[in-house]
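Q: Return atomic coordinates for the entry below.
(one chain, ligands or ions: 1)
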Amino acid sequence: MDHFTLRDGVLHCEDVPLPAIAAAVGTPVYVYSSATMVRHAHVFSQALASTGDPLIAFAVKANPNGAVLATLAREGLGADVVSIGEYRRAIAAGIPPERIVFSGVGKTADEMATALKGGLLQFNLESVVEAEMMSGVATDLGLTAPVAFRVNPDVDARTHKKISTGGALSKFGVPISDAREAYAAARALPNLAVQGVAVHIGSQLTDLAPLDAAFEKVGALIHELREDGHVIRFADLGGGLGVPYDRDVPLPPGPEEYGAMVTRITADWDVRLIFEPGRLIVANAGVLLSEVVRVKPGVGDPFVVVDAAMNDLMRPSLYDAYHAIDPVTPHGGKMKANVVGPVCESGDTFATGRRMGAVEAGDLVVFRTAGAYAATMASTYNSRPLTPEVMVAGDKFSVIRERQDIAVLIAADKLPEWLR
Ligand SMILES: *Cc1c(COP(=O)(O)O)cnc(C)c1O
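A: So this is what the prediction gives:
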C-alpha cells in the first residue's frame, strides 16, 4: 500500500497535489511519501516481532538520502551498508553504530579501519582472504572485529540475473560447503570475534521457496558450527523480498507470509535475527514525477517523450524493469505508446507498446515504485544534472536534495595547465 492516490482527479502524495511540487521544484523530480516508508517499516517489523527482538537494518543502497535514513532511524531501524560512504551517511542520519551491519564483497582496509573505529554490530565477510585482511586491520588498531561470514547457499533466487546473488557461481559469499573450514580459519586469526552467519540470495524475490531453502541450509550450518565449538549469536537473513511493480502481475508474497516462514524455520536457532530489507521499505514510497515534452508520432505506436531519462531512472535500461506510468491528472482517455526519455541511446526507453492513460505535451506523469534503486543510481550522462528529491509528510513537503546546478558540474572539470 502507498499514499499516492487520486483526489478530485489529481494525483496526490499524501495531502500534497503533485502539480504543486512540479510547480515549486520543476521536473523531473523524485517524490517520497514518508507515511509510506514509516508504514512499511512498521509492517515489516510487526511481521517479524514473533522472532524475538530482531534488528531491521535498512539496506542503505536502496535509497541513501539523509532524510530517508533519518525517517527510518526514528522508527528504530538500523542500516546495512556496503561502503564507507554508506556507513558515514547512516551515522550522519543518527543511526547508532550498534545497529549497523557492513556487507559487501570488496571492503578495503581503509573502510574496515574506519568502521571498526566508529563502531558497528558486525562485518559480514565474504571470504577467508577478507577475514585475514580484517584480522590484520583490527590487530593494528588493537581492536576486535565482530564478524560473520556471508554464506552462499547455492539456491536459484528465480529473479533477474543481475539481482540474483546466491548461485554457486556468483561473486558473493563463501560457498556453504566450505563454510565450516572458513569459520575454523577465522577462529585461528587474532582480533576477530566470530559471532554470526549471514545470507542474502538476491533482490525482488517473488517466491518464498528459494528463501525457505536458503534459510534451512543456514539453520543446518548454525547447528554444525556450534558442534565445532563456535558461539553463534546472530543470524542475518538479508533482504530481497519483492514488491509489486506491475498491476497485471500477481502480488508477491507479503511481509506476513515471509514472517511466518522465518518464524517457523528459525524457531530453535537461539540467535538474534538481523534483516536487511531495502526495496520493501522504500520502493512504493517513491515516484519519479516528469513532464511530457512532446508526443512524437511513430511508424508504430507514438513516442511519449518525457523530461526524465535513463540517467534519472536506470532500472528499465539496466534490468528491463517495469514501472507503471500514470498521468497525474487523467483525462479519462487511453493510449498505447512508447515512453522514452531525451537521452541519445535507444536504451533510454521506459516502456514499449504500453497501454496507459492518454497524455499530451505539458502533462505530468509519474513513474511509480521509484523509491528504491532509482535516485541513487542516477548519473549525469548527457550532462543532465542530478534530479532533486522531495519528501512529503501530510500536507507539507520539503526538498531533501536540491537539483544539481549545471554550473557545478562544469566547474568540477579542471583544465590542465597546457589548455588554459
Ligand atoms: C542489496 C542488498 C540488500 C537489500 O536487498 P532488497 O532486495 O532491496 O531488500 C540486503 N542485503 C545485502 C547484502 C544487499 O546487497
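Q: what's the burial count for the closest residue to residue 175 other than its chain neighbours?
A: In space, and not counting its chain neighbours, residue 175 is closest to residue 152: 5.3 Å by C-beta to C-beta, 6 or more residues apart in numbering. C-beta coordinates here come from the backbone N, C-alpha and C atoms, glycine included. Counted with other C-beta atoms under 10 Å, residues neighbouring residue 152 total 27.
Q: how much space between residue 152 and the ligand?
A: From residue 152 across to the ligand, the span is 12 Å (C-beta to the nearest ligand atom, to the nearest Å).
Q: Check the contact between that residue and residue 170; I expect there is one.
A: Yes: assessed by C-beta atoms under 8 Å, residue 152 is found in contact with residue 170 at 6.4 Å.
Q: residues shared between the contacts of those two?
A: Counting by C-beta atoms under 8 Å, 6 or more residues apart in numbering, residue 152 and residue 170 have no contacts in common.
Q: List the contacts of the residue nearest to residue 175.
A: Applying C-beta under 8 Å, 6+ apart, the residues contacting residue 152 are 165-168, 170, 172-176, 199.
Q: Which among the residues you listed count as buried?
A: 165-167, 170, 172-174, 176, 199 (16 or more other C-beta atoms under 10 Å).
Q: What about residue 341, how many residues nearby?
A: The number of residues packed near residue 341 is 26, by other C-beta under 10 Å.
Q: if we can go back for a sec, would a markdown table of the contacts of residue 152 with secondary structure and pLDDT be doable?
A: Formatted as a markdown table, the contacts of residue 152 follow (DSSP: H, G, I helix; E, B strand; the rest coil; pLDDT from 0 to 100):
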| residue | secondary structure | pLDDT |
| --- | --- | --- |
| 165 | coil | 75 |
| 166 | coil | 72 |
| 167 | coil | 73 |
| 168 | coil | 70 |
| 170 | coil | 80 |
| 172 | coil | 87 |
| 173 | coil | 91 |
| 174 | strand | 95 |
| 175 | strand | 95 |
| 176 | helix | 95 |
| 199 | coil | 97 |
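Q: ok, so of those, who is nearest the ligand?
A: residue 165 (6.8 Å; C-beta to the nearest ligand atom).
Q: so the nearest residue to residue 3 once chain neighbours are set aside bridges to which residues?
A: Ranked by C-beta to C-beta, 6+ apart and with sequence neighbours excluded, the top spatial neighbour of residue 3 is residue 33, at 4.2 Å. Taking DSSP bridges as the rule, residue 33 bridges to residue 392.
Q: Do you know the pLDDT at residue 33?
A: Listed pLDDT for residue 33 reads 98.
Q: ok, now the one 5 residues further on?
A: Note on residue 38: pLDDT of 98.
Q: And it, how close does it get to residue 87?
A: For residue 38, the distance to residue 87 equals 24 Å [C-beta to C-beta, to the nearest Å].
Q: of the two, who's got more company?
A: Comparing residue 38 with residue 87 by neighbour count (other C-beta under 10 Å), the higher total belongs to residue 87, at 22 against 18.
Q: what residues does the helix or strand that one falls within touch?
A: If you go by DSSP states H and E, residue 87 is part of helix 84-92. By C-beta under 8 Å, 6+ apart, the surrounding residues in contact with helix 84-92 are 60-61, 64, 66, 69, 79, 81, 97, 100, 102, 110-111, 114-115, 118, 120.
Q: Swap in 7 Å and give it another go.
A: Residues from elsewhere that reach helix 84-92 (C-beta atoms under 7 Å, 6 or more residues apart in numbering): 60-61, 64, 66, 69, 79, 81, 97, 100, 102, 111, 114-115, 118.
Q: likewise stretch 241-249?
A: Residues from elsewhere that reach stretch 241-249, judged by C-beta under 7 Å, 6+ apart: 204-206, 251-252, 255, 258, 277, 279-280, 283-284, 321-324, 369.
Q: quick one on the thing from earlier: got the phi/psi numbers for the residue nearest to residue 175?
A: Note on residue 152: its backbone torsions stand at phi -100, psi 110 [degrees, to the nearest 10].
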